[in-house]
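Colleague: Here is a sequence with its predicted model. Questions after.
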2 protein chains.
Amino acid sequence: MQHFAYHSEENYLKTLYKLEDKKVKKVNNTALSKALELNPATVLEAVRKMSEKKLVTVLADKTIQLTDKGRKKALQIVRRHRLWEVFLVDKLNYKWDEVHHIAEQLEHIEADSLTERLEAFLGNPTVDPHGDPIPDESGKLKRIKTQPLSEAPWNKKLTIVALGNSSDEFLKYLNKIGLSIGATVEVAEVEDFDKSITILHKKSSITLSNEAANTLLVAL
Amino acid sequence: MQHFAYHSEENYLKTLYKLEDKKVKKVNNTALSKALELNPATVLEAVRKMSEKKLVTVLADKTIQLTDKGRKKALQIVRRHRLWEVFLVDKLNYKWDEVHHIAEQLEHIEADSLTERLEAFLGNPTVDPHGDPIPDESGKLKRIKTQPLSEAPWNKKLTIVALGNSSDEFLKYLNKIGLSIGATVEVAEVEDFDKSITILHKKSSITLSNEAANTLLVAL
DNA sequence: ACAATAAATTTGGTGAACCAAATAAAATTG
DNA sequence: CAATTTTATTTGGTTCACCAAATTTATTGT
């Protein structure tokens, strides 16, 4: 009876999936090590083991890729993570920028039935509080068609449905300016000079940098 | 960034608390090792470390005792465990004999705010699904006054409020015969020969061994 | 092509939590 | 009280996830 839990493999797979999802072309040992903030030697060893287990493949050019088996496992973790985030926000009234750390722990709880019951309890949500889709039991996910706010048409009601990146800093920034998933906004003006953008939200106007507008995704 | 979590100390403390709670007089290394199903050498080393941290004291006769500090930590784990059990049973509709294993994992999630929010979300329950009291934030617990069913008066409506032991086997047995915390029963007859007891429950009569009747605790 | 740079890999270590087996100390029992 | 049995403790190992510092193997710019 070990009184500690190894989650490392799950974290490697999840991180590989995240990179793949972000369309990072060539995920090599260096990239993965940086993403995980781990020593390359450590990551190399872990990749070897996962490769033996057919969870990842190392291509001739050293690119590390998830196998279907590995991706399925990764999506299972992503599923758990996102469902717990919904729980924390919807049921325990956490703010969306506070839940990541806790969900990182909850995602590793092992119990086949737990995830399914949790999902039903939450009313079968399809997206997490950041607008990211929740994979189904088999690991499939419905990608939502979105468009960066920076490319959306002017003077039209738009709904923010997801974020291009859910970093803590960005979430806090959004909180500060009062924007969140589900918010209705309208592009009022785009500044030619720096592509900054002014939007209308709840009768007040907000100016966003092009970077921010690129990261806010609206329904297409 | 370690991708695994050490819960061992929490488990040692919790187990020590359980033994103390069960009024096991002399908890020595052998007793603790058996309770944890670990090698005595392992436990000895762990006790040494906890002793350095002033979580336990080893008496002259080798009895291992929790310090106030250690007991407080242990009660924190017990609190989390019992709150999660309530969540699993009340919200996710698990049966009370299915939740222990999952709660054992959930109890180690670290986030100060989580336990308090969970408690509020569950409506500040005072007992878990097995009738065991839930310690408050500071580690205090209200002990419920109970009496074994075997010693309760005859022909009087009694409410089962707790169990003397929550082993899987016992929980399953109770499930099978249809008894649970909150059930109202009445002692109809006690057999002189073997002290087995016949009770009335929802209009049907159930015969229990003395052992079972001893383990069912009714409100005093 | 070749030196500079970067990435991959190897080597040798660490600490935590575990174990089996040997030994020492203590308790029990005839 | 001496012999047996039970406990406690020590010793030497293991595995896992990690690291730092070489070393080897690309890659790249000139």
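Modeller: Alright, I've got the coordinates. Please read these numbers as outputs of a predicted model, since none were measured by experiment. Residues are numbered from 1 along each chain as shown, chains lettered A, B, ... in the order given.

Colleague: Now for the spatially most central residue of chain A: which residues touch it?
Modeller: Compute the mean C-alpha point of chain A, and by CA atoms, centre = their mean the closest residue is A:Asp132, 5.8 Å away. By CB atoms under 8 Å, 6 or more residues apart in numbering or on different chains, A:Asp132 lies in contact with A:Arg82, A:Ala162, A:Leu163, A:Ser166. All C-beta atoms are positioned from the backbone trio N, CA, C, and that covers glycine.

Colleague: how about the helices in chain A?
Modeller: A:8-21, A:29-36, A:40-52, A:68-86, A:100-106, A:112-121, A:168-177, A:210-215 (DSSP state H).

Colleague: which stretch in those helices has the least confidence?
Modeller: Here the lowest mean pLDDT among the helices of chain A goes to helix A:168-177, at a mean of 83.

Colleague: which parts of chain A sit against chain B?
Modeller: Residues of chain A lying close to chain B (CB under 8 Å from any CB of the partner chain) are A:1, A:3-8, A:10-12, A:36-38, A:91-94, A:101-102, A:105-106, A:109-111, A:113-114, A:117-118, A:121.

Colleague: Just put the helices of chain A in CSV and tack on distance to DNA strand D.
Modeller: What follows is the helices of chain A, written out as CSV (distance: least, CB to the nearest atom of the strand, whole Å):
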stretch, distance to DNA strand D
helix A:8-21, 4
helix A:29-36, 8
helix A:40-52, 3
helix A:68-86, 14
helix A:100-106, 13
helix A:112-121, 21
helix A:168-177, 21
helix A:210-215, 26
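
Colleague: B:Leu208: which of those helices is closest?
Modeller: helix A:112-121 (30.7 Å; CB to CB).

Colleague: Give me the distance from the closest one to the chain's centre.
Modeller: Centroid separation between helix A:112-121 and its chain, computed with CA atoms, centre = their mean, to the nearest Å, is 20 Å.

Colleague: residues of that helix that come out buried?
Modeller: A:Leu114, A:Thr115, A:Arg117, A:Leu118, A:Glu119, A:Phe121 (16 or more other CB atoms under 10 Å in any protein chain shown).

Colleague: which residues does the last one contact?
Modeller: Residues in contact with A:Phe121 (CB under 8 Å, 6+ apart) are A:Phe87, B:Lys91, B:Leu92.

Colleague: Narrow those residues to just the buried residues.
Modeller: Of the contacts of A:Phe121, these count as buried by 16+ other CB under 10 Å: A:Phe87, B:Leu92.

Colleague: for the contacts of A:Phe121, which one is nearest DNA strand D?
Modeller: DNA strand D has its nearest neighbour among these in A:Phe87, at 25.7 Å by CB to the nearest atom of the strand.

Colleague: Now that the closest one has come up, it's in contact with A:Leu122, right?
Modeller: Yes: judged on CB atoms under 8 Å, A:Phe87 makes contact with A:Leu122 at a distance of 6.1 Å.

Colleague: picking that back up, return the closest of the contacts of A:Phe121 with respect to B:Gln147.
Modeller: Nearest member of these to B:Gln147, counting by CB to CB, is B:Lys91, at 31.1 Å.

Colleague: Name the nearest residue to that closest one, sequence neighbours excluded.
Modeller: A:Phe121 (5.8 Å; CB to CB, 6 or more residues apart in numbering or on different chains).

Colleague: Near A:Thr63, how many other residues are there?
Modeller: 14 (other CB atoms under 10 Å in any protein chain shown).

Colleague: So it versus DNA strand C, what's the distance?
Modeller: Between A:Thr63 and DNA strand C the distance, using CB to the nearest atom of the strand, to the nearest Å, works out to 8 Å.

Colleague: now do A:Ile144
Modeller: A:Ile144 is 33 Å from DNA strand C, by CB to the nearest atom of the strand.

Colleague: Could you check how many residues crowd around that residue?
Modeller: A:Ile144 has 15 nearby residues by other CB under 10 Å.

Colleague: A:Arg82 versus that one, what's the distance?
Modeller: 13 Å (CB to CB, to the nearest Å).

Colleague: Quickly list what's touching both of these two.
Modeller: With CB under 8 Å, 6+ apart, A:Ile144 and A:Arg82 have common neighbours A:Val127, A:Pro133.

Colleague: what domains does the record give for chain A?
Modeller: Taking automatic domain parsing as the reference, chain A has its domains at A:8-66, A:146-219.

Colleague: I'd like to know which of the ones you listed is closest to B:Leu217.
Modeller: So among the domains of chain A, domain A:8-66 is nearest, using CB to CB, at 40.8 Å.

Colleague: Before we move on, what's the pLDDT of the residue lying closest to A:Ile160 once chain neighbours are set aside?
Modeller: Computed as CB to CB, 6+ apart, the closest residue to A:Ile160 that is not its neighbour in sequence is A:Ala183, at 4.8 Å. A:Ala183 carries a pLDDT value of 85.

Colleague: how deep is A:Ala183 tucked in, by neighbour count?
Modeller: 17.

Colleague: likewise A:Asn124?
Modeller: Count around A:Asn124 with other CB under 10 Å applied: 10.

Colleague: List phi and psi for it.
Modeller: A:Asn124 adopts backbone torsions of phi 50, psi 60, taken as degrees, to the nearest 10.

Colleague: For it, give its distance to DNA strand D.
Modeller: 33 Å.

Colleague: quick one, what contacts the closest residue in space to A:Lys202 that isn't next to it in sequence?
Modeller: Distances taken as CB to CB, 6+ apart place A:Gly178 nearest to A:Lys202, at 7.4 Å, with adjacent residues excluded. Neighbouring residues of A:Gly178 by CB under 8 Å, 6+ apart: A:His201, A:Lys202, A:Ile206.

Colleague: same thing with A:Asp128?
Modeller: Here A:Asp128 is in contact with A:His81, A:Arg82, A:Leu83, A:Glu85, A:Val86, A:Ile134 (CB under 8 Å, 6+ apart).

Colleague: just checking, the third one touches A:Pro125?
Modeller: In this case it means A:Leu83. Yes: judged on CB under 8 Å, A:Leu83 makes contact with A:Pro125 at a distance of 7.4 Å.
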